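Peer 1: sequence plus predicted model, see below.
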Amino acid sequence: MFDAKPGIHTTALSRDDASGSVTSVERPGRGYLPNPAGGRLSPEQMECNAPSEAGPAVPHSHRLRNAKSPPPGPSGHLAAYPGPRPARRSSTDEDSCDPMGEDLSLAGSAAAAAYHLRHRSPTPGPSGACTPSCGAASRDPTLLPYRKRPRKGSLVETATEKSVAAQYLLYELPDEVLVTIFSYLHECDLCRAARVCRRFYKIANDLGLWKTLYQNVFEYDRPLLHPAPCEFEFVNPDDCELENPWKESFRQLCYGVHVRPGWEARVPPPPPAGRARSSRVAYAETVESAVEQSERPGAPANPLIFIHTGHYMRQSLVIKSNVQLIGAAAGNVAKHVIIEHGNESTLKFGKGARQAYVGYVTLHLEVVANAAPSGEHCSPAADQCSPTVDHCVVRSRSLVGAAVCVSGARAEPIVRHCDISECENVGLYITDYAQGVYEDNEISKNLLAGIWVKNHANPVMRRNHIHHGRDVGIFTFNNGQGYFEANDIHANRIAGFEVKAGANPTVVRCDIHHGQTGGIYVHENGLGQFLENRIHSNSYAGVWITANSNPTIRKNEIYNGQQGGVYIFSDGRGLIEHNNIYGNQLAGIQIRTNSCPIVRHNRIHHGEHGGIYVHERGQGLIEENEVFSNKLAGVWITTGSAPVLRRNRIHSGKQVGVYFYDSGHGQLEDNEIFNHLYSGVQIRTSSNPTIRRNKIWGGQNGGVLVYNSGLGELEQNEIFDNAMAGVWIKTGSNPTLRRNKIYDGREGGICIFQRGKGILEENEIFRNVQAGVLVSNDSHPILRRNLIFDGMAAGIEITNRATATLEANKIFNNRFGGLCLATGVTPIMKGNKIFDNQDMVEKAIEAGQCLYKISSNTSFPMHDFYRCKTCNTTEKNAICVNCIKICHAGHSVEYIRHDRFFCDCGARGLRNPCQLQGEPTQDSDTLYDSAQPSESHTLKYNDN
């Protein structure tokens, strides 16, 4: 006999040798053991039968070898004993007791009889204790003398028979049979069987048994762990660290009620009085009845309801307690558990649902045909509740109500891993100071916005996938707020994220892309913080800011837009800083119509158009940006615009660095503008900027070009190392150049021609390859207090009907002379100092040299030049006076004028070789003026 309760005192039976009567001895342990010596047990016998860690001890002769259970088989079931039982060990072995301390002797069986006959009869010890061989004979009644054998039906015989049955059940019955028997047990009985012995413990904890039992009750194909209220997690049993995840899941979930229509009849009947239940699984017919039962007084603090596979129609649940509802099905759980209603909200959370939970179900609001439009929602959460909605599918056909609505000052739900899609209105609507956490949801293909946030609502949204909406992706308005992190927002018909009417969200590390209009749209006094987002591949601008909106756009990647990167218009403002803006089809940043943003610390590059475009009275502070490698102008400023550009690096553009046109104004201060294929700065058509303290170098078409009636003030700039002139002034332009340094130009310092004007005051002009200042073609500038020195040609050259006003200039140490005037030129001169110039032209003439020797074809010395009629030279050819005397002696020659040229004879550009030059030099016709600069094509692109 076995008692399942360890530690209870049981009665041991013993026979008195003299009288043959059976006596009982109280001792701790399980079952009945006869006392072979009769009478009361001696201390040695008590010690022999004392309980050990594995259970009560038995005499050594009663113990079996290898009483431990076999290891589990490869399939998780315990392996059966292979073949015959192993040989018995000595009776002195210490591990022959089973793990639970039961007596496993074969005494009394036919198999043991032959074994016992080969040993001597038991001999009591001097103190009455059992000898090593006494136990075997005393346990087998057939080996006792006839008069000492127990009568049939006595307690000893009954105990012996039951001991043999127990031995067979515990050790002789194959494991497969035990597994099959245990498979018919409920969870409570299976746990009780595990307490019998080690073998039962291992078989009762078999993975296959618990998996089958678990799936019969819960239907899941993976264990579902429930470590805390509102926390559920499926685990892979092969990767789980738990010894038996199926059993552990059953233990954590066993207190739940199962909504499974028709299954209440399958519940085992109540056990008789005094007997334990075999199963604690409870069933209910409807979800509503299960919820009502969980909200009654005396219900558990966090009741758990399992909603099994099925389509539950006309269900309208109102949750006002901490009940937990979870779908139960195999495979995709939510797909097989559907809760639906017609014109009322399918699920409502009210006050008191602080720790409610709904998970792994489909919530469906199907509007009945011909019914009036309903403002009901599929899953609303009201004030003072914070439920968890997890792994749910939400569908709604309501035209006037959102699929999920959260409203109220203390509404703080957790919505995660849900699919809110294909709804006829807004997917998720959060309003009226509501908050909550919304994570890892799929929100797509909704008729209106995927998410609305309004009226001071302040949710936290992370890692949501919001896409293919037929309206905007996320819409925050009417002072809505919120923290949006790591969301993927794409392919929505309007903007991916819209901010309006005082809304002020924080959007961090989101991916906003492939919008059918724009990426981010901030308008009508919208605010917001947009930080570290990737905004790309949108059909329109990546970011729109308009109508007095003032967001912060910081540390974003804005690229590959089908139009511009950031578009600010109609009195838009904003702080645009530390962004990387590149690869957009139009301008990286566009500012227009009285907008006035702050744009700083950005990298704007590799645009298919320009870098920054400011037009239509646009303003703004643009500072410390790097603008480079754009196909058109780095910065355009036009049509009455007047921004301030400070400390920017504008370089390596395919056209102009900074382009002012059509009355473009503004301030250009402390910038570095370099390495453009056209000029560093161009000013045209009544534009009048202030250009101060900039460094302008490396322009392939000059440093600054002012043309077509351009104006401007250029002060304290360094203009150097440009391929053509440092400053060009032409076609009626009239700028002011003051205190600039213009040097190391690969042509002239300042070139003024084609009716150009201008005031040049206190500039330093030096080390230029051609003239420091060249005035030509009817131009008339004013030069005051300039230093013009160390030039590789003349200091000032005036030619082609031009004139100038020269006052208090210092002109010195120039190679071809200080002031060179062409025929007919009469400048106005007052107080100039011209000294220490090298006059290399006069020296070469006096030495009989060809002037080409000192000029080559890179500079144009001013002297008398001629043409040879005999050699058929054209009016574009020029021959110096020494070549006329030597190389063209006896020819018919003609004096043209005193002007700047280089000698075509010395350049071997005529038929007769020059006798004053050694090596021939290929040459084209003489140029009387410097090469003409190229005007920007930006306007042409913009007009298209």
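Peer 2: Arrived safely.
Peer 1: what about Trp246, which SS state?
Peer 2: At Trp246, secondary structure determined by DSSP: H, G, I helix; E, B strand; the rest coil is helix.
Peer 1: centroid-nearest residue for this protein?
Peer 2: By CA atoms, centre = their mean, the chain has its centre lying nearest to Ala486, at 4.5 Å.
Peer 1: who are the contact partners of that one?
Peer 2: Arg462, Arg463, Val508, Arg509, Cys510 (CB atoms under 8 Å, 6 or more residues apart in numbering). C-beta: built from backbone N, CA, C; applies to glycine.
Peer 1: those residues in strands, which ones?
Peer 2: Arg462, Val508 (DSSP state E).
Peer 1: switch the contacts of Ala486 over to JSON lines; also include distance to Leu253.
Peer 2: Output for the contacts of Ala486, formatted as JSON lines (distance: CB to CB, whole Å):
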{"residue": "Arg462", "distance to Leu253": "28"}
{"residue": "Arg463", "distance to Leu253": "28"}
{"residue": "Val508", "distance to Leu253": "37"}
{"residue": "Arg509", "distance to Leu253": "37"}
{"residue": "Cys510", "distance to Leu253": "37"}
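Peer 1: now rank the contacts of Ala486 by neighbours and give me the top one.
Peer 2: Compared across the contacts of Ala486, Cys510 has the highest neighbour count, 30 neighbours, by other CB atoms under 10 Å.
Peer 1: look up phi and psi at that residue.
Peer 2: Phi and psi for Cys510, reported as degrees, to the nearest 10, are phi -90, psi 160.
Peer 1: secondary structure class for Gln167?
Peer 2: Quick answer, by three-state DSSP: Gln167 is helix.
Peer 1: from Met461, how far out is the residue nearest to the centre of the chain?
Peer 2: 9 Å (CB to CB, to the nearest Å).
Peer 1: following element in sequence after the strand or helix carrying Thr180, please.
Peer 2: Under the criterion of DSSP states H and E, Thr180 resides in helix 175-182. Sequence-wise, the next helix or strand downstream of helix 175-182 (DSSP H and E) is helix 187-193.
Peer 1: pLDDT (mean, whole number) over that next one?
Peer 2: The average pLDDT for helix 187-193 rounds to 89.
Peer 1: buried ones in it?
Peer 2: Using 16 or more other CB atoms under 10 Å as the test for burial, helix 187-193 gives Glu187, Cys188, Asp189, Leu190, Ala193.
Peer 1: check stretch 735-750 too.
Peer 2: By neighbour count on 16+ other CB under 10 Å, the buried set for stretch 735-750 is 735-750.
Peer 1: CSV for the buried residues of helix 187-193, including distance to Ile782?
Peer 2: Shown next, in CSV, are those (distance: CB to CB, whole Å):
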residue, distance to Ile782
Glu187, 105
Cys188, 109
Asp189, 112
Leu190, 108
Ala193, 113
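Peer 1: on contacts alone, who are the packing partners of the helix holding Thr180?
Peer 2: The contact analysis (3 or more CB pairs under 8 Å, 6 or more residues apart in numbering; DSSP states H and E) places helix 175-182 against helix 198-204, helix 207-218.
Peer 1: just the CA atoms of it, as PDB, please.
Peer 2: Taking Å, rounded to 0.1, in the frame of the first residue of the first chain, the C-alpha atoms of helix 175-182 are listed here in PDB:
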ATOM      1  CA  ASP A 175       7.500   2.500 -20.000                       C
ATOM      2  CA  GLU A 176       5.400   2.600 -23.100                       C
ATOM      3  CA  VAL A 177       2.500   1.200 -21.300                       C
ATOM      4  CA  LEU A 178       2.900   3.700 -18.400                       C
ATOM      5  CA  VAL A 179       3.100   6.500 -20.900                       C
ATOM      6  CA  THR A 180      -0.200   5.300 -22.500                       C
ATOM      7  CA  ILE A 181      -1.900   5.000 -19.100                       C
ATOM      8  CA  PHE A 182      -0.700   8.400 -18.100                       C
END
